[in-house]
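Enquirer: The amino acid sequence is not available; the structure is as follows:
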């Protein structure tokens, strides 16, 4: 089976097996040793000296944590969106009472840093910028570096959805001065879903002191306090997932972070070139095509749903369809985490056979 | 190693091993088959026809979900508390803007249903009652049946923290007409931590329609919709934990729910009698002593912390200390989930040796 969706991603045997370890006391020393080790490794992968906190929850819980721990109801925020996940980030802020000013771009193109600058120039009341680094729904990687620089230029907080980028695509949190960055265990970390990881800068902690959005389960201040004091989490954590993350991080560090990034770039190139060689067209603007997910237009005359079904049932290749307004219009190949060029060759060979079968179906 | 804390609890080999299964598409058919099966089994264990929804998070995320999905800021609620978890439930409601009227009892005794009745009589403005079924911090099981009956009598919503009771101690959700009931995977379910399970009555859904507390990640309405329509969860779920829960539930149903309850009662009796035979005294009023956790007073002249250390390091028995104001004053034996009388005999044999060693330490 080739599970090639943008998460959950397949996990190496040793990661899966790590989960078979018996439970331990989450208030005991053995636990604190593991979570401290994992946290140090995450910091290296985030390329940051900032606090990185581990939450038991999906990536979306991390996005919510980013919002509710730094903002107050009524705060004006700029919600930069290039797809479904940018929309989601803005929706979370709106749900908790933020005054969200949306800066939306066409799906399939990246956000324009100059447009972000203009939006911040036009409205001095904006307190924070919400932005997706890698938009999983469209297969675009935003130019986060210049966007973050603009946020710094105007002295705004920048909250980054790095769910499908951190650990797979270069995102040097400190060098780019990103205040809050969120990822999820089921993406590049070669780990099952169930944990969100969030980095918080000093500036984010300062905002946290004044932030009035309600939070309890996702209270990062509470998480930082008990982690610093005891190497624990406020609530009972997903211990098996932590065991898995522990092993996944070892694999990343053994390969070397830069090598992991390069591998993702190579694999993505195989995916894009392979698709084009089959006569397919890419949905995302190629200059900003993501190294973790490739979005491909469903060719005319092909039933996208049928194509995915044939791939799954006859070729054991599982891909994703389009989300929201792209349903039926694109399909997506996830290539992050435990993935090599050879996996993309398998996917392309299956696509080559499945495409004609899905035509006029 | 005897891990005998009130969760995480040890898991049977087959439960742990289930987590080694490779990831699957959480938007695919295989996933929906599992979550639908697990949900049906959970309903039987909750003894309910109500919806039961599975969240990726700790038990506390389930308590937060109970509050934010049924209440609005400013709503007056009665927070019945007999310990740390009753306090926590009330704190969550207060955090989200509820006007919490606290009805606290001494730690170590159960809530008095008549006092609940009087409180509801005294204040017609109360909308909901928050109550802990089994208070893990003190080892008391509340008389939930009459408390729930009082809530019905006054037509109030009743939200129940059943984290350490459902599946281990009889809690017939429909017979007792409990509106929202919460549990967590790491308790009686013989499953690692990482999932919360929440039942919602029709009355709870009616409250949900008007409830204005902000919610996104923990939005149960969203969870119900996508579960009913597609057998999915709104956000990527902890797939490995679901694999484990699947097997844990099979084990419970194979044994038979009533047999599981009886076993917990027998094991708890061995714990209480064993402690008394060692000259120890129970912290909780024995008429309401919990079948999932036994709280024991640290005898005078004994250093409680040292006792736990000796048990852990010299006898491979891991117990819990006291929480909050009971720190150093009691220690607690968890006996829920995968546990038999023989395990308590091991714990008692270790205690017998460790107690003199911890005296005057």
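Expert: Received it, and whenever you're ready, just let me know what you need. Quick caveat: nothing in here was measured; it's all calculated off a predicted structure.

Enquirer: Sketch out the low-pLDDT regions of the stretch 201-350 of chain A for me.
Expert: For the stretch 201-350 of chain A, no stretch is flagged by pLDDT under 70.

Enquirer: Flag every residue of it that's near chain B.
Expert: Applying Cβ under 8 Å from any Cβ of the partner chain, one finds that the stretch 201-350 of chain A approaches chain B through A:213-218, A:234-241, A:244, A:312, A:318, A:320. The C-beta positions use only the backbone N, C-alpha and C, and glycine is treated the same way.

Enquirer: just checking, which of those belong to helices?
Expert: With DSSP state H as the criterion, helices contain A:239-241, A:244, A:312 from among these.

Enquirer: Quick check: of those, which lies closest to chain B?
Expert: Lowest distance from chain B to those (Cβ to the nearest Cβ) belongs to residue A:240, with 4.2 Å.

Enquirer: In this structure that closest one contacts residue B:191, no?
Expert: No: judged on Cβ atoms under 8 Å, residue A:240 makes no contact with residue B:191 at a distance of 9.3 Å.

Enquirer: hey, what's in contact with both of the two?
Expert: B:241, B:244 (Cβ atoms under 8 Å, 6 or more residues apart in numbering or on different chains).

Enquirer: which of the two has more neighbours?
Expert: Set residue A:240 next to residue B:191 and count neighbours by other Cβ atoms under 10 Å in any protein chain shown: residue B:191 wins out with 34 against 31.

Enquirer: what ranges do the helices span in the stretch 51-200 of chain A?
Expert: A:59-68, A:84-95, A:113-122, A:144-153 (DSSP state H, counting those that start in this stretch).

Enquirer: and the first one, average pLDDT?
Expert: Regarding helix A:59-68, the rounded mean pLDDT is 98.

Enquirer: List the contacts of it.
Expert: A:55, A:88-89, A:92-93, A:96, A:98, A:130, A:159, A:161, A:163, A:180, A:182-184, A:186-187, A:196-198, A:211, A:213-215, A:218, A:220, B:56-57, B:216-217, B:234-236.

Enquirer: Please identify the most buried of the helices of the stretch 51-200 of chain A.
Expert: helix A:59-68 (a mean of 28; mean count of other Cβ atoms under 10 Å in any protein chain shown).

Enquirer: chain center to that helix: distance?
Expert: Here the centre of helix A:59-68 is set off from its chain's centre by 12 Å, with Cα atoms, centre = their mean, to the nearest Å.

Enquirer: Got the domain ranges for chain A?
Expert: A:14-253, A:257-358 (automatic domain parsing).

Enquirer: now the nearest residue to residue A:157 once chain neighbours are set aside, which residues is it bridged with?
Expert: Leaving aside its sequence neighbours, residue A:157 sits nearest to residue A:128 (Cβ to Cβ, 6 or more residues apart in numbering or on different chains; 3.9 Å). The partner list for residue A:128 in beta bridges (DSSP bridges) reads residue A:77, residue A:157.

Enquirer: before we move on, what about residue A:330?
Expert: residue A:297.

Enquirer: Neighbours of it, how many?
Expert: Residue A:330: 24 neighbours (other Cβ under 10 Å).

Enquirer: Over to the one 10 residues further on?
Expert: The number of residues packed near residue A:340 is 13, by other Cβ under 10 Å.

Enquirer: Quick check, the residue in the stretch 51-200 of chain A closest to chain B?
Expert: Closest point on the stretch 51-200 of chain A to chain B, by Cβ to the nearest Cβ, is residue A:194, at 3.3 Å.

Enquirer: Assess the claim that that residue and residue B:240 are in contact.
Expert: Yes: if you go by Cβ under 8 Å, residue A:194 and residue B:240 touch, sitting 7.0 Å apart.

Enquirer: any common contacting residues for these two?
Expert: residue A:241.

Enquirer: Can you get me a residue count around the residue lying closest to residue A:109 once chain neighbours are set aside?
Expert: Spatial nearest neighbour of residue A:109, chain neighbours left out: residue A:285 (5.1 Å); criterion: Cβ to Cβ, 6+ apart. The local packing of residue A:285 (other Cβ under 10 Å) involves 14 other residues.
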